Each structure stands twice: as C-alpha cells, then as structure tokens.
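Student: 3D, please:
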Amino acid sequence: MCGIGGFFAQQPVAPQVVSAMQAALRARGPDGQHAQLWGQNGLLHARLAIIDPRPVSDQPMVNDRGDVWIVYNGEVYDWQADAAALGAFRTRSDTEFILRGYEAWGIDGLLARLRGMFAFGILDRAKGKVYLARDRMGEKPLVYCLAGGELAFGSTVRSVLPFLPREKRGLSAEGIDAYLAHRYIPAPRTVFRNVNRLENGHYLEFDLRSRQLTKHRYWRPGPEAGNWLEALDESVRMRTIAERPLGVFLSSGVDSTTVASRLAQQKLTSYRTFTAAFPGSEMDESGIAAQTAATLGFPHQAVEVPDSVGEDFDAIVAALDEPFADPSAFPTWYLAREVSRQVKVVLVGDGGDELFGGYKRIAKHLRTAWRGNLRLPLPIRPTLAGGKLATELATDWDTAYSLRFSGIAPAQRAFLQDRNLDSLVYWRDADSQEQTPLQRLLAIDRANYLPEYILRKADLCTMAHGLEARAPFLDHHFVQRIQSLPESQLHTRPPKRLLARALDPRLPADLLQRKKRGFNPPLKRWLREELSARFDGLGDRLHESSAGQLAAKPVDAFVRHYIGDAEALAEQVLQLLILDESLAQLRRHG
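Tutor: As a prediction, the model looks like this:
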C-alpha cells in the first residue's frame, strides 16, 4: 500500500514540482519516499511497507535489464504459484511479481493473472510505452492529466496538480455540478478540466514517441461456477497475509460481522477488532459490536468519535483530496487515525450491499421498473424545493436510479448556479451484459457508487493515516460466483439472507432482521455550533472560488432556508461547506 506518481514531459520538470508531487503522497507512504528521474521523465513512490519491508523491495523498482520500471499501490494475493514460472526472485514482494509478470506475459496477460487491489504505472523504456492500470473493483485510485502531449499521474488529484501550470488548472463546470448532484465527482471526471480519474477495470497505454494516450477496458464481471462460501473463506484467508499488525473494522452490520465470522471459523481470532463509538447517540453500535467480538473470541476496542469536528475539519477535507461530501467520512477518518496507531492493516466489510442489493433504494426503484425508457418532458425549474420526483419522471428508468442516492436535487442545483442544467446526472453507464432490472441496478452501483464513493472514502480516510484496508467481499472470484446465483438468492427481504450461511451460529438469530444503522456523526449539531461561523460570506466565497459557477445570493438564500426551517437539508449544507474549503485548499495547492 503506497502512494504513486509520475510524469512524462517534453521539457525539464522543475525540482520544486517534483518535490510538491512527492509531498502530496507522503501520508500514504510514511515508511519511505523515493524517486527515479530521467531528464524530463520520472516515477515517484511513497511506501507503506506491509510485505517484505526491506529496502530491496523499495520502489520505483527496476527489472534485471534496467529497462522496465514500476511504481505500485495495493496488495495482490495468491501470486506465488504463477511466480514459480518466473525464476528466482530478489524479494518477497508482489511488486516484483507484477514487474516480472509484465515481462513474461505483457500487460494483458499480467492483468488477467492479478487478484486483489492495485493501481500501478509501468514504464517500458525499450518499447517506449507507459501503462497505467486500476484494479477490477476500484479499490485503489489513479488520476492522470494529459496536456500538450505531456502525461502525469498519481494516487490523488493533489499529487498531480503541481505538474500542471497555473493557467491549465481551470475548474471543470461538469465536475462541480456532478459534485452537487452526487456528493462526489464520478469517474472519469475530477474537479479540474485537465485532470481525469481512471475507471475501475481499465488501463491506459501512453506512447512516448507519438504522445498518444489510449484507454482499454480489461475486465467485465461474469458468472463463475463454484462454491461461493469457499471463495469467501479463501478471500478472507488471503487478506490476513501481512508482515505488519492486522485488525478488523467491526460494526453491528451483517457485512463486517460476516468477515469476522469467517475469520473465527478458520480459528483466526487473534486480531483486534475496532468499532467507532458515538456515546449517547441512537447511531451508536459499539455495544452490539463488542458483544459480537466477545462471542467470536476477538479482542475488541471501541474508538470514541470526538464530539467536536471544528479543529479537524480542514484536515479531513484535505484528506478527501477534492470535493467529497459523505458525512460518514468524518468518523471513518477518526477511526482510522486511532487504529493506525496500533495496526497497519484492517479487514473491512465493504461491498456486501452492492453485491446483494442491500440498499433500500434498490427495492424502491424496482417497483417502477415497468416504465423502462418512458419519460415525461417535465421542465426543471430553479427552486429551493427539491422536486426529485418530477426529475425522476423526466429521465429514463436506468438514469433515474442515481437520483435515489443524490446530493442536491436538480432544481436546487439550477437555483444555486442560476442557470439551466446541461445534465441531470453524471453516473456513467454500466456498459454491462446484464438484462434484468435488478442486474442492471447492481451493475450501475458497481460502476459508480461502489468504486467512486464507498471505496474512495475508505481509501482516502485510511491512507491519510498510513493504514491499509482490505475488503474480502471484493475479491473478483467471489464477486463472479455470487453473480452465478439466481436472483431469488441475491435480492431478499430481509436483505442478504444468503449470508446467514456464513454467520457464526453463536450469534443472535435476529442479526439479519436488525434495522440498518448509518455511520453518521452528529451533523446537525456540528452545523449549529462549530461549523456555523463558516456560513458568513459563504455565497461570495463560493462565487469566487468556483469561477462564478455558483451564484452568491442563491447560496446564501439556501443557507438561510436551512437555518430557518429546513433541517432536512443538513447534508446539502455540509456539501457547500466542504466545497468552499476544498476549493480554497486546491487554489493554494502546489
């Protein structure tokens, strides 16, 4: 687990640019930072050493001939059998396996053999090619910019931004509107016009001679025959391999409890479990999690989330890289900060809801599947009121699904920007072979909500503290075995009934029937108290920092509406405060 970056320019790159790019990666790799430079080209790496922490495994890493280099972020599992055909290794690291695998099988053959989470850059100097790849499910991030025939890439937007001259750092109008629509900016967009995010399951090929960049999709999920529970156990077991201390994020929910249950079934109960605690709140699930840990035999620790966020708000916004407004990111950041002081790897339950249709919005949207492409030509008029139903009816059924999980409603977005909207939603098409309504919704989540919201949050909040998160539910063999099951087993009431087979029988029988709890902080109180001072002048600040895209008076009217009688808009007001702070930070960055 690390931070990666690099650039392939046509003119010399200033040392301060290289230093700024490297500094932006440092939190992701606290165990060492290294660079390899060749005139106007360079590869950068910040290392969090989990496997083979010796210097011989540092990166950038080069092959024996000295003509192929790699920087890599992630963990690849179960590679030793394939490695046996590649000759003697100098290290115990999966980095060397990827490097040697590329030499032996080429980029397509390599990617077909990789199992796990990864983002990497490979420079093949002999062929004059650069390859940038992102894992199948999107656990690891990769952003890039191509401007004037020059390519730069990195783990975060802030690691790429120093490479761009100030005059090329124009904000993306689509990116800002997409953030307002979805609480985050879906791939391939970012908040900057000249910076893009690579989609999961894709790789880029850059020709150093022609300066041409091409994108390839290398994976589409499909059904795989086999026992899904065996695949899950294998996935859990693989993800316990580490040479640094390992723990488990445990909530009261089914997904993380399933991961803990499969660990216990394999007698792997020495790992400490951790739960975020919200004392006195109905959202607090630390008591249930402690009971689960005791039943399964794990040592356990509750991590109390601070009552106040004022002193850490700027730091958390910075850790989220660009505008990103999931309220649960705040407790996740606090939990990761404390846990990173004790372990360097954690197993998490991410992915269960997306695989098994666990969200309420899926059941609600399926009720209207009959309308398909039928839509009504309803106008979107700027207003403080939401009006999501009218907007939903103005779009086809697949597109309207993203409105089931959205930030600021289209009519409100038009009000805040004082203009007609060019697009109602920005989720990308799943481009899948799925045909049934349920299959299409699950595919849409896998292409958008899972990689760009759930997994981006998990990566940014953990790696901000040098902590590696591993998600057993996202092993692609497990995912494909789940896809081979009939829909009657995937979408059930209560949700995830199939996972009853994976839960330890000593746990309470009503676990699957429990009401799903969120992971949200005391947001309304924060907005009334320590964050309230940020409301003053918010409209003018956002008008300036967004290059006029947000209108000052409508922004202030929106805030007054919230303060007056619209507390339901708390998360939307938080979006505006995060946008304000994030744009201010990005303007000063690098």
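Student: just for this structure, where's the confidence low?
Tutor: 1, 387, 431-434, 516-518, 566, 590 (pLDDT under 70).
Student: Now the phi/psi pair for the nearest residue to residue 451 once chain neighbours are set aside, please.
Tutor: Excluding the flanking residues, the one nearest residue 451 by C-beta to C-beta, 6 or more residues apart in numbering is residue 138, at 2.5 Å. (Glycine included, C-beta is placed from N, CA and C.) Phi and psi for residue 138, reported as degrees, to the nearest 10, are phi 90, psi 30.
Student: Also residue 375?
Tutor: According to degrees, to the nearest 10, residue 375 has phi -140, psi 160.
Student: For it, list the residues it contacts.
Tutor: Residues near residue 375 by C-beta atoms under 8 Å, 6 or more residues apart in numbering: 393, 394, 395, 396.
Student: What's the PyMOL line that selects buried ones from those?
Tutor: A single PyMOL command is used to select the members of the contacts of residue 375 judged buried by 16 or more other C-beta atoms under 10 Å:
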select buried, resi 394+395
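Student: now, which of the contacts of residue 375 lie within helices?
Tutor: residue 393 (DSSP state H).
Student: follow-up on the earlier one: can you tell me how far the residue nearest to residue 451 sits from residue 335?
Tutor: Separation of residue 138 from residue 335 (C-beta to C-beta, to the nearest Å): 22 Å.
Student: Between those two, tell me which one has more neighbours.
Tutor: residue 138 (28 against 24; other C-beta atoms under 10 Å).
Student: Contact partners for the more buried one?
Tutor: Counted by C-beta under 8 Å, 6+ apart, residue 138 has contacts 199, 200, 201, 450, 451, 452, 455, 456.
Student: Give me the neighbour count for residue 368.
Tutor: Neighbourhood size, residue 368 [other C-beta under 10 Å]: 15.
Student: Would you mind confirming that residue 403 is in contact with residue 425?
Tutor: Yes - counting by C-beta atoms under 8 Å, residue 425 is a contact partner of residue 403 at 6.7 Å.
Student: which neighbours do these two share?
Tutor: By C-beta under 8 Å, 6+ apart, the residues touching both residue 403 and residue 425 are residue 395.
Student: Nearest the middle, which residue of the chain would you pick?
Tutor: residue 456 (1.5 Å; C-alpha atoms, centre = their mean).
Student: That one belongs to a strand?
Tutor: No - Residue 456: not assigned to a strand; according to DSSP: H, G, I helix; E, B strand; the rest coil it is helix.
Student: Centre of the chain to stretch 465-480, how far?
Tutor: 12 Å (C-alpha atoms, centre = their mean, to the nearest Å).
Student: May I have the distance across it, first residue to last?
Tutor: One end of stretch 465-480 sits 32 Å from the other (C-alpha to C-alpha, to the nearest Å).
Student: next one: stretch 87-102
Tutor: OK, stretch 87-102 end separation, C-alpha to C-alpha: 14 Å.
Student: Three-state assignment for residue 10, please.
Tutor: Residue 10 is classified as coil under three-state DSSP.
Student: and it, how many residues sit next to it?
Tutor: Count around residue 10 with other C-beta under 10 Å applied: 11.
Student: Show me the helices in the stretch 51-200 of the chain, by range?
Tutor: Under the criterion DSSP state H, counting those that start in this stretch, helices of the stretch 51-200 of the chain are mapped to 80-83, 94-113, 157-160, 173-182.
Student: Deepest in the core, which of those helices is it.
Tutor: helix 157-160 (a mean of 25; mean count of other C-beta atoms under 10 Å).
Student: Which elements pack onto it?
Tutor: strand 2-8, helix 15-25, strand 143-147, strand 150-154 (3 or more C-beta pairs under 8 Å, 6 or more residues apart in numbering; DSSP states H and E).
Student: for those, which one ends up most surrounded?
Tutor: The most buried one of those (mean count of other C-beta under 10 Å) is strand 2-8, showing a mean of 27.
Student: so residue 134 makes contact with residue 143?
Tutor: No - when contacts are counted by C-beta under 8 Å, residue 134 is not listed as touching residue 143 (9.9 Å).
Student: Tell me how far residue 146 lies from residue 160.
Tutor: 11 Å.
Student: Could you do residue 394 as well?
Tutor: Residue 394 is 36 Å from residue 160, by C-beta to C-beta.
Student: can you pick the most crowded of the contacts of residue 138?
Tutor: residue 451 (28 neighbours).
Student: Identify the residues contacting the residue nearest to residue 250 when sequence neighbours are not counted.
Tutor: Nearest in space to residue 250, with sequence neighbours left out and distances taken as C-beta to C-beta, 6+ apart, is residue 273 at 4.1 Å. Going by C-beta under 8 Å, 6+ apart, residue 273 touches 247, 248, 249, 250, 260, 289, 293, 298, 299, 300, 301.
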